[in-house]
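Visitor: have a look at this prediction, sequence included:
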Amino acid sequence: MDKETLLREIIDRIATCTRCGLCEHRTQTVPGEGNLNARLFFVGEAPGREEDLSGRPFVGAAGTLFTEILKSVKIDRKDVYIGNIIKCRPPDNRTPTMAEMDACAPFLLAQLQVVHPKLIVTLGASSLSYFLPEREIKITEMRGKRLQWEGGITIFPMFHPSYLLRNASKAPGSPKALTWDDIREVRRIYDQSE
């Protein structure tokens, strides 16, 4: 079966999923989007209000900033794959529970198997925590570190764009300043993965 057909099946399963209570509040699911042969896969936490309305990941204010961050190192959204651990919006944009992440994660794992990236960039603590055995992590301590995951895939944690919107300072050592360092490192890893 080709990648497009496989991904269509995953998206169809996501659309009818009732594994957790988040399905009761969604406008629609937000399965993810992008290049099925991407070497770079970005993983966020969960859809927000704008994503829930549009069905697309990272399209609200945080999505606009995310796109700017990518453009700063000449990475186009159409060349990467973008998704979230959770495919439905949690009420009031609250952080998803571990039970919700565990219920939804098989969809993300299936997407990763189809796309088979060389680099996964996790955006925020929640998305990183899924990939690590210790679930309680601090993104301030983990961001910018290369980690190895299954099959030799590199994981590179970064701050979530919504966190950057709440921490607007660009002073040296600020989350925004560190993010510009991190995205340049992502670009270096991405170029080495060709």
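Guide: Looks like it arrived, so ask away. Residues are numbered from 1 along each chain as shown.
Visitor: rest of the way, CA atoms for contacts and neighbours
Guide: Fine.
Visitor: quickly list what the residue nearest in space to the middle of the chain is bridged to.
Guide: Nearest to the geometric centre of the chain sits Val43, at 1.5 Å (C-alpha atoms, centre = their mean). Counting by DSSP bridges, Val43 is bridged to Gly83, Thr122.
Visitor: ok, now how distant is it from Met1?
Guide: According to C-alpha to C-alpha, to the nearest Å, Val43 stands 25 Å off from Met1.
Visitor: out of everything not next to it in sequence, what's closest to Asn37?
Guide: Val115 (5.4 Å; C-alpha to C-alpha, 6 or more residues apart in numbering).
Visitor: how about stretch 2-16: buried residues?
Guide: For stretch 2-16, a neighbour-count test (16 or more other C-alpha atoms under 10 Å) marks 7, 10-11, 14-15 as buried.
Visitor: got a list of contacts for that stretch?
Guide: Outside stretch 2-16, the residues within contact range by C-alpha atoms under 8 Å, 6 or more residues apart in numbering are 28-29, 31, 36, 87, 107, 110-111, 114-115.
Visitor: buried subset of those, written for PyMOL?
Guide: The buried residues among those can be selected in PyMOL (16+ other C-alpha under 10 Å) with this line:
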select buried, resi 28+29+31+36+87+107+111+114+115
